[in-house]
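J.: any chance you could fold what I've pasted below:
(one chain, ligands or ions: 1)
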Amino acid sequence: MTATTTGTDRTSPVSSRTSRTSAELIRAEEPVLAHNYHPLPVVVAAAEGAWVEDVEGHRMLDMLSGYSALNFGHRHPALIEAAHRQLDRLTLTSRAFHNDRLAEFAERLTTLVGQDMMLPMNTGAEAVESAIKVARKWAYEVKGVPADRATVVVASDNFHGRTTTIVGFSTDETARTGFGPFTPGFRIVPYNDLEALAAALDETTAAVLIEPIQGEAGVVIPDDGYLTGVRELTRRAGCLFIADEIQSGLGRTGRTLAVDHEGVVPDLVLLGKALGGGIIPVSAVTGSREVLGVLGPGEHGSTFGGNPLAAAVGTAVVGLLETGVFQRRAAGAGTVLRDGLTDLVGRGVLGFRARGLWAGVDIDPAIGTGREISELLMARGILVKDTHGSTIRLAPPLTITDEELRTAVGTLGDVLTRG
Ligand SMILES: *Cc1c(COP(=O)(O)O)cnc(C)c1O
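T.: The predicted model follows:
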């Protein structure tokens, strides 16, 4: 069969599946795709739940979940159904008009996270950029910071996205080098250091922006009391506390938000990744009316932000989290993960940090780099991703069974002891 230029011969899903092998597809990407990633050599063609299938039909357990964008697994039936239903009715209006799905999404999301208002965006980086704009405007209009003097305090080893402003306050040289000049107005303090944070706050500070757990840095969990301390210091300094929960939020740590572990309520909470149910990009800035209320018509926007398809999927995601089942599941399966990893300490694992279904595992560098271990695991049907050096990150879908989790950790043990 030869496909016509209109592609109308490609009627069945099977005939549209590629006839090229994984190796051919990887080679085909090289000359035509920007090299800003270094993916594992696996070409995924289908997926369901915690399992993916490559072009050759090998089934593999997904222990990364799209960096937490797939908290509910691949193609969760409730999310796919919500998307299908919405696709058949209305997909995009732009915010020039109201759509009939956005009110409910905003009501239920703000209730879920205990905030008053939300600003819908698409990607995580956009939510971060939006929060910086809101914090600056709040600083000028409410706090009374002189024009163009506002500062935002951030932490070392942060990851908040890839835009020019955001990489400008990264401490990762690979992320920054070659992309300047950068946006001024940021101060960097060591993470998990309340004294350094206190010293950086002054009358120009609009906000402190931190991740409650630093995912990209290797699932770095601050000391108990750090988030409470950040809340107290920001309140005393009269500045905002912005929590980037784009990776840590929406069930991953065993609670709806990572800040819930300390019962802390930030002024702005940033959500993304899992908010789109693994289907489309959906992000949001959530916050108090006093803060998000500073935005007026025309001062900020997004063509796609708050579109009805995103609202329908996002509402279905909120619906899953309203039950509490996924948060409990992350906490329960998290103990299985923690127990399994504890057994590996001293047997190829130097140490690990874990909360809920999320772990950064430091592999003995004598055994291999994170990348090498990831490739060995891939060959045995377990997909993970290295972060830095010899650290690998585990973040399986919250739907994974205890049995599957034990298999994954057991395979890691095998790879570390036998290669
Ligand atoms: C992934 C991530 C972002 C950026 O999200 P994108 O959708 O990739 O722009 C921001 N903050 C944190 C903590 C993240 O993990």
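J.: and the residue of the chain found nearest the ligand, what is it in contact with?
T.: Relative to the ligand, the nearest point of the chain is residue 124 (2.1 Å; C-beta to the nearest ligand atom). Every residue, glycine included, has its C-beta placed from N, CA and C. Residue 124 is in contact with 160, 161, 244, 246, 247, 270, 272, 273, 283, counting by C-beta atoms under 8 Å, 6 or more residues apart in numbering.
J.: most neighbours among those, which one?
T.: In terms of neighbours by other C-beta atoms under 10 Å, the contacts of residue 124 top out with residue 244 at 31 neighbours.
J.: surely that residue touches residue 210?
T.: Yes - with contact defined as C-beta atoms under 8 Å, residue 244 and residue 210 form a contacting pair (6.8 Å).
J.: quick check: residue 25 is in a strand.
T.: No - counting by DSSP: H, G, I helix; E, B strand; the rest coil, residue 25 is not part of a strand but helix.
J.: look up the closest residue to it, ignoring the ones flanking it.
T.: residue 43 (5.0 Å; C-beta to C-beta, 6 or more residues apart in numbering).
J.: got a pLDDT number for the one you found?
T.: Model confidence at residue 43, given as pLDDT, is 98.
J.: is it true that it touches residue 55?
T.: Yes - between residue 43 and residue 55 there is a contact under C-beta under 8 Å: 4.8 Å.
J.: what's the helix or strand for the residue most central in space within the chain?
T.: By C-alpha atoms, centre = their mean, the chain has its centre lying nearest to residue 247, at 2.8 Å. If you go by DSSP states H and E, residue 247 is not part of any helix or strand.
J.: so for it, what's the pLDDT?
T.: In this model, residue 247 carries a pLDDT of 98.
J.: residues contacting the longest helix out of those in the chain, please?
T.: Ranked by residue count, the top helix of the chain under DSSP state H comes out as helix 325-344. The contact list for helix 325-344 (C-beta under 8 Å, 6+ apart) reads 71-72, 251-256, 320-321, 349, 352, 354-359, 361, 394, 396, 398-400, 402, 405-406, 409-410, 412-413, 416.
J.: in strands, which of those residues fall?
T.: Among these, DSSP state E puts 349, 352, 354, 359, 361, 394 in strands.
J.: so which of these wins on neighbours?
T.: Neighbour counts for the ones in strands among the contacts of helix 325-344 peak at residue 361, which has 30 neighbours (criterion: other C-beta under 10 Å).
J.: re the thing from before, how about the residue nearest to residue 25, phi and psi?
T.: The phi and psi values for residue 43, taken as degrees, to the nearest 10, are phi -120, psi 110.
J.: returning to that earlier point: shared neighbours, residue 43 and residue 55?
T.: 22, 25.
J.: which parts of the stretch 51-200 of the chain sit against the ligand?
T.: 67, 123, 124, 125, 128, 159, 160, 161 (C-beta under 6 Å from any ligand atom).
J.: got a pLDDT number for the closest residue to residue 223 other than its chain neighbours?
T.: Once flanking residues are discounted, residue 223 sits nearest to residue 192: 5.9 Å by C-beta to C-beta, 6+ apart. pLDDT, residue 192: 98.
J.: ditto for residue 19
T.: Note on residue 19: pLDDT of 89.
J.: same question for residue 418.
T.: We have a pLDDT of 84 for residue 418.
J.: from the chain's centroid, how far away is stretch 275-290?
T.: Put simply, stretch 275-290 sits 11 Å off its chain's centre (C-alpha atoms, centre = their mean, to the nearest Å).
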